[in-house]
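Student: What would the 3D arrangement of this be:
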Amino acid sequence: MRNLSLAIALALAPLTASADALDDARAAYHTAWEAAPLRVDTAIFVTEPAPVYGMARDRGSNVFAAGEPVHVYLEPAGYGWQAEADENVLRLTIALKILTSTGQQLFMNPDFMQTSTRSLARQTEYYVNVPLNLSGIGSGEYVLEFIFSDAASDEVATVSLPIVVQ
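Tutor: Okay, the predicted model is just below:
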């Protein structure tokens, strides 16, 4: 029986080391996350709203017909969390600007979209589906500018997507 216990202990030793290494790596990742500025890692036009994080289907083109629905998928990163009771809360406000290709502002809504989530863990995988209706805009080249504001850190991040309406 002693040999069996020793064999089990020896077999589990690498698993314990791997688990400790994974815990250390996770702690280092969260430390780096908290030190990093707010940013948007992914900003793409998609064929339809993504059902979950990482399942965005890239449209492959920024050219849209007049009146065609526009779907944008965004992955913010470096956001903060606010503690509320025993939960962590993520709150982001997204402003939207529409600019001409030369930078002239045509539209601005500072509170275009609010997004939030609650979690027991401080998740680092978060996404936002943004539906847009540009039916009133004429044909031409434009820039969609999304400005993220983080309630937990007061940081701001901007991402721009050029778009062509035909």
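
Student: For residue 123, see how far away residue 65 is.
Tutor: Residue 65 is 37 Å from residue 123, where distance means CB to CB, to the nearest Å. For glycine as for every other residue, the C-beta is placed from the backbone atoms N, C-alpha and C.

Student: higher neighbour count, those two?
Tutor: Using other CB atoms under 10 Å, the more surrounded residue of residue 65 and residue 123 is residue 123, with 13 against 8.

Student: can you pull the contacts of that one?
Tutor: Counting by CB atoms under 8 Å, 6 or more residues apart in numbering, residue 123 makes contact with 90, 117.

Student: Phi first, then psi, for it.
Tutor: Note on residue 123: backbone dihedrals following degrees, to the nearest 10 are phi -70, psi 150.

Student: what's the spacing between it and residue 19?
Tutor: Separation of residue 123 from residue 19 (CB to CB): 21 Å.

Student: Bridged to the residue positioned nearest the centre of the chain, which residues?
Tutor: Computing the C-alpha centroid of the chain and ranking residues by CA atoms, centre = their mean puts residue 75 first, at 2.0 Å. Legend: beta-bridge partners of residue 75 under DSSP bridges are residue 42.

Student: In contact with it: list those residues for me.
Tutor: The neighbourhood of residue 75, defined by CB under 8 Å, 6+ apart, consists of 40, 41, 42, 43, 53, 126, 127, 128.
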